[in-house]
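Enquirer: got a sequence here, can you build the structure:
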Amino acid sequence: MTQNTAPILIKRYASRRLYNTQTSDYVTLDDIAGFISEGHEVQIIDLKSGDDLTRQYLLQIIAEHESRGENVLPLNVLTDLVRSYTTQAQSVVPDFLAMSFEILRDGQAKATETLGGISNPLTSMPGFEAMQTQQKAFMKAMTGSWGAPTADPAEAAEQSSDLDDIKAQLAELQSKLSKMTSDK
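Expert: Below is the predicted model of the structure:
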């Protein structure tokens, strides 16, 4: 999902303001969350000490989402995380979570690729083409595009043929109506 190889460098000033060195402007935690959602990596550095504060700020973004009622992590996962910090399993949990998210990302990417390459399963349904033709004719009639010029000669011929059929049916109906009114 990461689009750029170089992370966006964000410097934290003594005033705790965050400065995006790439765009030369100040950013908020929501901006940083947006960068990450777009697939960018970020690195947040304390300007004075040079300490990497990325982890601290990412946790703060998650905490803010949780405090707004957006359940980022289920309660049982949060409980297990706290439990992992108080037990010897501490070294296994971060690796497990990293692998789990990698598998999730790979699965989502593969699903997107697969769904993008699949043709519509309805196309194999008997009568699908006839239904599709009827839908096109209905949409053309509803949008008033019967007389609109078309670039496709086959489509133009089909429109003309359809229009001729409709005219013939209309003439037949008018003829029948005329006979019915004259017979009275």
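Enquirer: can you dump the C-alpha coordinates of stretch 17-26 into PDB?
Expert: This file holds the C-alpha atoms of stretch 17-26, laid out as PDB (Å, rounded to 0.1, in the frame of the first residue of the first chain):
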ATOM      1  CA  ARG A  17       3.700  22.200  16.700                       C
ATOM      2  CA  LEU A  18       4.300  19.800  13.900                       C
ATOM      3  CA  TYR A  19       6.000  21.000  10.700                       C
ATOM      4  CA  ASN A  20       5.800  19.100   7.400                       C
ATOM      5  CA  THR A  21       9.300  19.600   5.800                       C
ATOM      6  CA  GLN A  22       8.000  18.400   2.400                       C
ATOM      7  CA  THR A  23       5.300  21.100   2.000                       C
ATOM      8  CA  SER A  24       6.700  23.700   4.400                       C
ATOM      9  CA  ASP A  25       3.600  24.000   6.500                       C
ATOM     10  CA  TYR A  26       2.200  23.100   9.900                       C
END
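Enquirer: report the buried residues of it.
Expert: For stretch 17-26, burial by neighbour count (16 or more other Cβ atoms under 10 Å) applies to 18, 20. For glycine as for every other residue, the C-beta is placed from the backbone atoms N, C-alpha and C.
Enquirer: now the helix or strand hosting F35: mean pLDDT?
Expert: Per DSSP states H and E: F35 is located in helix 29-37. In this model, helix 29-37 has an average pLDDT of 93.
Enquirer: quick one: buried residues of that helix?
Expert: 31-33, 35-36.
Enquirer: counting by contacts, list what that helix packs against.
Expert: Judged by 3 or more Cβ pairs under 8 Å, 6 or more residues apart in numbering; DSSP states H and E, helix 29-37 is in contact with strand 18-20, strand 42-46, helix 54-67.
Enquirer: one more time with 10 Å
Expert: Contacts defined by 3 or more Cβ pairs under 10 Å, 6 or more residues apart in numbering; DSSP states H and E place helix 29-37 against strand 8-12, strand 18-20, strand 25-27, strand 42-46, helix 54-67.
Enquirer: JSON lines for those, including distance to S178?
Expert: Formatted as JSON lines, the helices and strands packed on helix 29-37 follow (distance: least, Cβ to Cβ, whole Å):
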{"stretch": "strand 8-12", "distance to S178": "77"}
{"stretch": "strand 18-20", "distance to S178": "78"}
{"stretch": "strand 25-27", "distance to S178": "77"}
{"stretch": "strand 42-46", "distance to S178": "78"}
{"stretch": "helix 54-67", "distance to S178": "73"}
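Enquirer: much appreciated, bye for now.
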